[in-house]
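*Asks:* I need the structure of the sequence given here:
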Amino acid sequence: MAAAGPAPLLPAEALVRALQGTELRDAGGQGWLRQHECVEKLNMHAILSASAGQEQLLTELLVTYAKIPLLIGELISVEIWKHKIFPVLCRLEDFKPRSTFPIYVVLHHEASIINLLETVFFYKEICESAEDSILDLIDYCHRKLTLLAARSTNGQAVTPVELHPEDLASPSSMQELQKQAETMEFEISLKALSVLRFITDQVESLPLSALTRMLNTHNLPCLLVELVEHCPWSCREAGKLKKFENGAWHVVPPEDQVKMTKLDGQVWLALLNLLLSPECQRKYHFDGFNKSQLLKLRAFLTDVLVDQLPNLVEMQRFLSHLAVTEPAPPKKDLILEQVPVIWDHILKKNAGKWEAIAKHQVKRVFSPTEEELKLQARRWAQTYSLDMIEALAPDKPRCRVCGAEAAKRCSRCRNEWYCTRACQVQHWQKHKAACSLMAGAPRSMDDL
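*Replies:* Model (predicted):
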């Protein structure tokens, strides 16, 4: 019978406290990679906690240690890296990396952070803890949604690119990586849509500068109308309707074609928040252009749609009233308006240095030896191991026999938990056959 060993523990608090800001020049380096690992593990913890309805702990930790502004800063930093440094790397003729995996990790960092923010921004206290950086996040979401709307208006379809390990080591891997970055950008933009909708949920408690930025600086209501019109997460291919949900394109059967998707719902909820709030109506400029754009929504407010989201009845009433009235011009408040600073600060700090930073990273980070690549691969295998996922789970495992909290696990199949050796011995006869079967199954890609 296999012995039971203690399971490793890595509390969420240690991960949150370990989060630190990084410099653009250090992207992909050892210290930066440790930060990326923290974000990835927090992502896993957030998803596991949300599925168990216990995400409050992580929310409290991120607020207590004031990490939301830091995450927003890192999000914008890697966005700038992608727009300023990555194109330089792709143009360097003498740069033929043995593996592009280290570059892929930096590209993926933006997706990791926005995914984490999407999971936690549902909570009002998270939105409030962003403080002044909420303006930077609003600008970030606006950039992503503008790109999304532009692509759909131009009829640019996003084709998923599946990247395999062998692709990252092929001579054309930089080209493959560019394709993957485009696909990733699409998915990041959809996450940004969800984050923006959660921000609009808090319009009553947002600073006036944030409302002004959303309504007047960026005119988000009209941008959201464009997304309703062109629906970038829906397309027709070979006569079949396809929709993007849960990270993949799916063919929609005829009976489900009028069904509202989660992304459709996010757009409509954001519009409801921005147009029906008295404070927003007071600040928004309902001029001729804005009014004509908003009235386009009436064509999409069918009975079938309203049945799925009954709050849209209020939107119908608002638009009917808007069609026959001329709203008063917005009231201008005499306030000292805040402006976002993170984007401009990073650009000014690194202006004129983009090529030098790219060449520094080629030499120091993106040309690893065979041994360094193997070491990095082992670290990522540990990050996504079963042990790590279970250590991050909000609930402690329970004994298979008595149901008490368990700290020991069958070391052979790694599937059953026990509180004591006595319980393991008691369960062995029942567990023996399944243990042998599971222990004989391949544990990793190397075993296949």
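
*Asks:* element containing residue 270, please.
*Replies:* In this structure, residue 270 sits in helix 262-276 according to DSSP states H and E.

*Asks:* and the helix ranked longest in the chain, what does it pack against?
*Replies:* Longest helix in the chain by number of residues (criterion: DSSP state H): helix 173-200. Applying 3 or more Cβ pairs under 8 Å, 6 or more residues apart in numbering; DSSP states H and E, one finds that helix 173-200 contacts helix 86-91, helix 101-120, helix 133-153, helix 262-276. For every residue, glycine as well, the C-beta is placed using N, CA and C.

*Asks:* any idea of the mean pLDDT for that helix?
*Replies:* On average, the pLDDT along helix 173-200 is 92.

*Asks:* what confidence value was assigned to the residue nearest the centre of the chain?
*Replies:* Nearest to the mean C-alpha position of the chain, by Cα atoms, centre = their mean, lies residue 115 at 2.0 Å. Note for residue 115: predicted pLDDT of 95.

*Asks:* now do residue 420
*Replies:* For residue 420, the model assigns a pLDDT of 88.

*Asks:* I'd like the numbering to begin with 8 instead of 1 from here.
*Replies:* Will do, 8 is the new start, and the previous item becomes residue 427.

*Asks:* give me phi/psi at it?
*Replies:* Backbone torsions for residue 427, taken as degrees, to the nearest 10, come to phi -140, psi 170.

*Asks:* check whether it really touches residue 415, as I assumed.
*Replies:* Yes. The criterion here is Cβ atoms under 8 Å, and residue 427 meets it with residue 415 at 7.5 Å.

*Asks:* doesn't residue 248 belong to a helix?
*Replies:* No. According to DSSP: H, G, I helix; E, B strand; the rest coil, residue 248 belongs to no helix; its state is strand.

*Asks:* neighbours of it, how many?
*Replies:* 15 (other Cβ atoms under 10 Å).

*Asks:* list the contacts of the closest residue to it other than its chain neighbours.
*Replies:* Excluding its sequence neighbours, the residue lying closest to residue 248 (Cβ to Cβ, 6 or more residues apart in numbering) is residue 259, at 4.7 Å. Counting by Cβ atoms under 8 Å, 6 or more residues apart in numbering, residue 259 touches 247, 248, 249, 250, 266.

*Asks:* same thing but 7 Å
*Replies:* Residues counted as contacts of residue 259 (Cβ atoms under 7 Å, 6 or more residues apart in numbering) are 248, 249, 250.

*Asks:* residue 265 too?
*Replies:* Shown in contact with residue 265 (Cβ under 7 Å, 6+ apart): residue 311.

*Asks:* roughly how far does it sit from residue 249?
*Replies:* According to Cβ to Cβ, to the nearest Å, residue 265 and residue 249 sit 15 Å apart.

*Asks:* what is the neighbour count of the nearest residue to residue 318 once chain neighbours are set aside?
*Replies:* Nearest residue to residue 318 in three dimensions, chain neighbours excluded: residue 279, at 5.8 Å (Cβ to Cβ, 6+ apart). The tally of other residues near residue 279 (other Cβ under 10 Å) stands at 19.

*Asks:* can you give me the pLDDT of residue 279?
*Replies:* Predicted confidence (pLDDT) for residue 279: 97.

*Asks:* next: residue 405.
*Replies:* If you check residue 405, the pLDDT there is 73.

*Asks:* burial count for it?
*Replies:* By other Cβ under 10 Å, neighbour count at residue 405 equals 14.

*Asks:* what residues are up against it?
*Replies:* By Cβ under 7 Å, 6+ apart, the contact list for residue 405 reads 411, 412, 413, 424.

*Asks:* thinking again about what came up before, what comes up buried for whichever helix or strand comes after the longest helix of the chain?
*Replies:* Downstream of helix 180-207, the first helix or strand assigned by DSSP H and E is helix 215-219. For helix 215-219, a neighbour-count test (16 or more other Cβ atoms under 10 Å) marks 216, 217, 218, 219 as buried.

*Asks:* how about the closest residue in space to the first one that isn't next to it in sequence, what does it touch?
*Replies:* In space, residue 216 comes closest to residue 345 once its chain neighbours are excluded; the distance is 4.2 Å by Cβ to Cβ, 6+ apart. Contacts for residue 345 (Cβ under 7 Å, 6+ apart) come out as 139, 142, 214, 216.

*Asks:* can you check residue 133 too?
*Replies:* Residue 133 neighbours (Cβ under 7 Å, 6+ apart): 66, 69, 70, 75, 127.

*Asks:* check what pLDDT it gets.
*Replies:* In this model, residue 133 carries a pLDDT of 94.

*Asks:* tell me the SS of it?
*Replies:* Three-state call for residue 133 (three-state DSSP): helix.

*Asks:* how near is it to residue 389?
*Replies:* For residue 133 relative to residue 389 (Cβ to Cβ), the value is 29 Å.
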